Structure formats: structure tokens, C-alpha cells
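S.K.: take this sequence and fold it.
(one chain, ligands or ions: 1)
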Amino acid sequence: MPRAILSPLLALAALAACSDPSESVDMFTDSGDGADWPSYGRTYDESHFSPLTEIDHDTIGQLGLEWYADLPPGTAVGSALAVDGTVFITSGLSILRAFDAVTGEVLWVHDPDVAQRAGQELRAAWGARGTAYWQGRIYVGTMDGRLVAVDARTGELAWEAQTTEPGSGLYITGAPRAFDGLVVIGNGGADFAGVRGHVSAYDAETGEQKWKFFTVPGNPADGFENAAMEMAAQTWSGEWWEHGGGGTAWNAITYDPKYRLVYFGTGNGAPWNARIRSPAGGDNLFLCSILALDADTGDYRWHYQVNPAETWDFTATMDIQLATLTIDGEPRDVLMQAPKNGFFYVIDRSTGTLISAEAYTEQTWAERIDLATGRPVERPGARPNGNLLTIWPGSMGGHNWQPMSFSHRTGLVYIPTIELPGTYDDRGIDYGSWRRNAQSVVYDTGFNIGDLDVSAPPEDATFGTLTAWDPVAQEQRWSVPFRAPQNGGLLSTEGGLVFQGQYDGKFVARDDENGEELWSFDAQTGILSQPITYTANGRQFVTVLSGVAGSATILGPLAAEFGWTYRGQHRRVLTFALGGNARLPDSAPQPVEPLAADDFEVNQALADAGAPDFLAYCATCHGSAAISGGAGPDLRASVAVADWPAFYSIVNDGTLLQAGMPGFPDLEERKIRALQHYIRREAEDALDR
Ligand code: HEC
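M.R.: Residues are numbered from 1 along each chain as shown. Just a heads-up that it's a prediction; the model follows:
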């Protein structure tokens, strides 16, 4: 069965509109006119900045909805691309859609059939965050580790490459990057399985693998792939390879045409707990690091480790932006990153030398970052080491995958920050005998899992900001507080505007100098994706996706507070232009109503036993404390839960697999029974409140 659904007339129109493959690479650089948004961050420098000025301070009042398109259930958090008047998006399980930018008409849909193929990797749930474009093709990664290339005009499959070993627990959520005939992709998985991260590059034309670089060393007995792995192995102890090591590069990839380097950021260890992974200490290269590779060969050039001996899930996978900044009177080619650990880093990108680092958000783990050594000076007690530890930021980081934007107009970086502490429970863990449940992809960090549980967030508290940061002075210029910790990625423009979707359901344009709200639109659902702007038919458009996902910790209670549910939220492509006057149908948020199940009697001992398994197996999608954040239905309201045969077959056999609900054949019947009692207890507790 052909997977591309294509309307013939529209396809012809698209054919005429698409340029020939010899098109200039200017569209990826700042010498372009900004008409297209052909890459995740628009240009190679990943600045998420546009030179377009039709929409500016004077005209913003006329900005209105031009068209919208409803999207089916699944995550709708990715960033769109726009090339030659066609908008490309990915949502759900890497389903690709192309729209006519002017009319909003669907040109084609391509479904890579991920649910059927993903197996256990489906359990991580995050879906795809973006695509890449190169010479008439669109590229996307999948949860089952494929890199998929389709024809941008027709949606027909050009090639697909398996970039990971199926069943290894590695999955792809990040956007690929394409340049010079190569497509580069990383992967994720270190929270769920004993994985070893890597980045690989493929021929954009044929799908043939060109190079592959592991981010952590394997078993020395097998020999090292290269000198970088041999060097890295010196910084590990024990039998780390038995645990995988981790270091997955699940988000940031930046191509630098000037130095012909590819930079990418690596994540946490597998497991998080450093004492298990590397019992006699060591920095554990290249965890939580920024790496520079030769773009042509994938050979190691330099690295900068953000957190030596990472143990808090502080990843350096946040977006990496390139700029030339005047520092002490000298122009410096730098890269900038606001990784999870709360510090903003400015690094000389030709050498990897740290230039400056200051805290952009609340942090309690470090005194400072030492500029002479490039290493953090950790505060006493910053590591769990056998205790129950709370520090700022937590594992969600001070900033996560939603990209920041560097404005070429103001010289400021606009960061969507998160203000949440993290708790790490290291009490009573036997570091030597700890083993991951080898058969399963299951959330397991090497700390006790109870720390993931949540209580209701205090009423007046705010948990995130939009912060304008001066990367030269390394200080905040202004900041706007938000109720929710996660909000959308940023777009800044030469028109003096900063666009952002907020978790509260507003899509907002602000003054880039002071953060003042100049315009807003009620999107009827929270927004996590990043807006883009481009021109079509001579007009400037702005496109963003609405939709929320992510259910762990306080995201569940906050989604419930706003009324964003799995089935009730409006996942949409929203496109705006001056004079746009389309309207969304009326809609009110629908709070979750936990279900009363009178003939179901909760067994407290079973419910207690089910609690940790719910956090490990189900909370990613259904929410900590079973309060969903919108990535899956709220099970406290599910009829199926109280009905044992239905519940058992959904959970064990995976009868709802096609709808994105993975099966758990590895969970024994008594464990599924315990999960049932746990969920019902949470439902009854909510009814009693
Ligand atoms: C990767 C994300 C994900 C994980 C992990 C996950 N689920 Fe689901 N689950 C879903 C989605 C999505 C649906 C909705 C499917 C549909 O639309 O029918 C769902 C539906 C369900 C339903 C049916 C709810 C209803 O009434 O429609 C039950 C019951 C359920 N899940 C139980 C569980 C349990 C128990 C676990 C842990 C063992 C779990 N799920 C783990 C994503 C997930």
C-alpha cells in the first residue's frame, strides 16, 4: 500500500513551486533573504532568527489567523519548515505533512508506520521534534531509529536507513540536520535502557552511511573505534560498558560551514547515578559534553565537558547556536548554549575553549564555572552520595529542548527557562549489584524512583520564564514569569518581535527590547513547539503547532489546571499573516473527571506495590500520580481500568498499539493487577478531594 496520500492537482501545483535541486545554499545562511525556513533553526547558525520585517511593531496589531489545520492525537510539539511556499511538519509518530503555505491545503501525508515497527522503543513517547530539508527532500527520524527521506513534492519515500540497532532501546526524537549532501542524526534512550550513544551521517541522495561517532567508549576488550574513544576510556572505571554508558545526542546538532565542523551536545549517563556507572570515579567522557567533529569524516576535533562525572541528568543536548560576538574588543567566533545545569556558556568554537559561563537561572549545585580550568566548582553536598538530595535545577533542567533564539537585531538570546528543583534519592542503593532490567525499556535512573512523585503545585507559584540574556555581558536584561515550567521555543525577528507559544494556551508577540506583550492569540491549547516565519506569494507568514505533551512530575497537575487533556486538547497547525481573519471554532477546556467505579474495591497493599511500577512504566505518558499531562489519556477517568480483561489486554497485549499505547508483555500479571489497583486508588483519592 502506498503510504503517501497525494492529491494529484495539488501535487502539480507543488511541483511547479519547488525549485530545482541546484538551488543555492544561501537559504541556509544569513546571506539569504529569509523567504524560507529550511532548517530547524532556519540557518546553519541555529539562531531561530528571521530578517523579515513586514510584521513589526507598527503592523503587529493586524496579525491574524490565516488558516489552521487539525492534527490527529499524538505529540504536536515539533518545529515546522517552510520552503518555496510549502510548509512541512511532523507530529505524532513522525508522520509528515505538507501544506500549501498560502491556502493551508494538505499537499501530502507520509506515515512511516512507527507504531508497528517500534517495539519497546515506543515507550519513551516523545515523538519527533522536527525535520530537515535538503535539495527537494524532507528528512525525519523515528522512534524505531530510522532516518526517513521523502520527496518534498510528493511525500513519496526516497530511502530509509536504520541508524540504530532495533531493540537496543535507542530512539530518535530530535530533528536531523542536512548540509552539503549529508544528513546527520543522533538518538536518545539513556533514561530507559543500557544504551551507548552515537551520531551518524548519511548521504542525502542515497541513504548510505558516511560516518558514525560513538559518544562513550565501549568495552576496551573489543578494541577502540578511534583515538578519541581510547582517550575517553581513561576517564571511566569499573565495567561501565555493562551499563551502556549513555551520552546520547538526542537534540542539538549544529553545522559550522566556516570551520567545517559539526557540533553536538551529549546527554546523561546510563544510568544517571555515576556511582553505579563508574564506581571509582572519573569524568566519564563524553557525557554531558559539547563535541566538535570534522563534518566530512566524523573525526574528533575537540570537546568541552559541561558536567564532569554527570549524575543529575544534566545534559548538554540543548540547542547550540553560532555567533560572532565582540568580547573585550575582539570579534570572537563562538558557540552558545544554555544546558540543563543552569549556566549560559560562551565557547570559542574554533578551539573549544571556554570564554565565559554565568548562571541564567536559579542553581544551587556550583559555586561558579572556573574559567582557567573550564570546570565547574561544585558546592559541597551537590552530589546525592547515599542521601536524599534536592538541588536546583532538577532533571528537567534550567532549559530543555525548546530552542532559544539569538536576535541579530538586539544581540540578546531569548531563553525559555524552567525553574524547578530536582530530588535524587540515593539511599540504600547497592552500587555494585545494581542492574538494569535488561529485557525491558523501562525508566530507570539508578536512583530510587519515588522521587518522581508529585504533589499539587502551590497556587501562586511560577515555574518558568522567558528570559532575555545578554551573552557578552553574561547577564539578564529582562524576564517574564510563567505558571508552567515548559513553554514553546523562541523566534525573534528583525521586525523587533519575539514570538512564543505559552503553555497557558496563548501565542504571544513581545517587544524584543523589554518583553512587553504586543499581541496575543488564544490557541485553545498549550504550545510547546517553536514558531517559524517565512514568505509565500510575497507575504510574511508565521506558523506554529499547538499541542501539549510530557506528563512527568508537575506537568500532569498543571495540564489538569489548564484543562489540557489527551483527547480534549487541540493539536493544530496555526498560520498567521497580516489581515488574516480565520477563526477557530469555539471551545472550552475540558477538565478531567475521575471515574467512580463502585464495584471495584481497592486493595491497598496491591496499590502500594503498583506505585513504583506506574512511575517506571506508565508515568512518561500517563503522568506521575496518574494525573496526565496530555501525552496519554488520564487513566483516572478510564472505563477500561476497572474492567480487568480490557485493562489486561491493553497493557499486556498492546491492543491499542496503533494509537500509540505500547504493549508490556514483559510485565507479569500480578504487576498489571497492582497497576490497576494503584490507578483506581488515585482515581478515588481525586474523587474524595
Ligand atoms: C508511550 C506512551 C505510553 C505509555 C508509556 C503508556 N501508555 Fe497507556 N496509552 C497511551 C496512549 C497514547 C493511549 C491512548 C490510545 C488510544 O487513543 O486509544 C493509552 C491508553 C491506555 C489505556 C486505555 C485508556 C482509555 O480508557 O482509553 C490504558 C488502560 C493504558 N493506556 C494503560 C497504561 C499502563 C497501565 C501503562 C504502563 C504499564 C501505560 N498505559 C503506558 C500511551 C502510553
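S.K.: dump the residue contacts of the residue in the stretch 1-150 of the chain that the ligand sits nearest to.
M.R.: When scored by Cβ to the nearest ligand atom, the stretch 1-150 of the chain has Ala125 as its residue closest to the ligand, at 3.4 Å. Backbone N, C-alpha and C define where each C-beta goes, glycine included. Contacts for Ala125 (Cβ atoms under 8 Å, 6 or more residues apart in numbering) come out as Thr75, Ala549, Thr620, Cys621, Ala631, Gly632, Gly660.
S.K.: now do Arg146
M.R.: Here Arg146 is in contact with Pro112, Arg117, Glu160, Ala161, Gln162, Thr163, Ile172 (criterion: Cβ under 8 Å, 6+ apart).
S.K.: how about the third one: which residues does it bridge to?
M.R.: When bridges are taken as DSSP bridges, the partners of Glu160 come out as Val148.
S.K.: my read: it touches Val150, true?
M.R.: No: using Cβ atoms under 8 Å, Glu160 makes no contact with Val150, being 9.1 Å away.
S.K.: PyMOL command for the buried members of the contacts of Arg146?
M.R.: The buried subset of these, as determined by 16 or more other Cβ atoms under 10 Å, is captured in PyMOL by this line:
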select buried, resi 112+117+160+161+163+172
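S.K.: show me the contacts of Arg146 that map onto strands.
M.R.: Among these, the members found in strands (DSSP state E) are Glu160, Ala161, Gln162.
S.K.: and these, which is closest to the ligand?
M.R.: Nearest to the ligand among these: Gln162, at 20.8 Å, using Cβ to the nearest ligand atom.
S.K.: dump the residue contacts of that closest one.
M.R.: Gly145, Arg146.
S.K.: which residues of the stretch 251-400 of the chain fall in helices?
M.R.: With DSSP state H, counting those that start in this stretch, the ranges of helices along the stretch 251-400 of the chain come out as 274-277.
S.K.: hmm, I was thinking of the stretch 51-200 of the chain
M.R.: Taking DSSP H, counting those that start in this stretch as the criterion, the stretch 51-200 of the chain carries its helices at 114-118.
S.K.: what parts of it come near the ligand?
M.R.: Pro73, Leu122, Arg123, Ala125 (Cβ under 6 Å from any ligand atom).
S.K.: in ChimeraX, how would I select just the buried ones from these?
M.R.: Typed into ChimeraX, the line below selects the buried ones among those, using 16+ other Cβ under 10 Å:
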select :73,122,123,125
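S.K.: now do the contacts for the nearest residue to Asn187 once chain neighbours are set aside.
M.R.: Spatial nearest neighbour of Asn187, excluding adjacent residues (Cβ to Cβ, 6 or more residues apart in numbering): Leu170 at 4.4 Å. Leu170 makes contact with Glu121, Gly145, Thr164, Asn187, Gly188, Gly189, Ala193, Val195, Gly197, Thr248, according to Cβ under 8 Å, 6+ apart.
S.K.: max pairwise distance over these: which two?
M.R.: Greatest spatial distance in the contacts of Leu170: Glu121 and Gly197, 14.3 Å, computed using Cβ to Cβ.
S.K.: between these two, who's got more neighbours?
M.R.: It is Gly197, of Glu121 and Gly197, that has more neighbours when counted by other Cβ atoms under 10 Å, with 31 against 28.
S.K.: so the more buried one sits right up against Thr215, yeah?
M.R.: Yes: Gly197 is within contact range of Thr215, at 4.1 Å (criterion: Cβ under 8 Å).
S.K.: can you list residues touching both of these two?
M.R.: Taking Cβ under 8 Å, 6+ apart as the contact rule, Gly197 and Thr215 both touch Gly247, Thr248, Ala249, Thr266.
S.K.: and for the first one, the neighbour number?
M.R.: By the other Cβ under 10 Å criterion, the neighbourhood of Gly247 contains 31 residues.
S.K.: contacts only, for the closest residue to Val544 other than its chain neighbours.
M.R.: Nearest residue to Val544 in three dimensions, chain neighbours excluded: Pro531, at 4.1 Å (Cβ to Cβ, 6+ apart). Contacts for Pro531 (Cβ under 8 Å, 6+ apart) come out as Gly488, Gly489, Leu491, Phe499, Gln500, Gly501, Phe507, Val542, Thr543, Val544.
S.K.: can you give me the strands for the stretch 501-650 of the chain?
M.R.: 506-511, 517-522, 532-536, 539-546, 572-578 (DSSP state E, counting those that start in this stretch).
S.K.: interface residues of the protein facing the ligand?
M.R.: So far as Cβ under 6 Å from any ligand atom goes, the chain lies against the ligand at 73, 122-123, 125, 617-618, 620-622, 632-633, 635, 638-641, 647, 650-651, 656, 659-662, 664, 675.
S.K.: which of those residues fall in helices?
M.R.: Counted as lying in helices by DSSP state H, out of the residues of the chain next to the ligand, are Thr620, Cys621, His622, Val639, Ala640, Val641, Phe647, Leu675.
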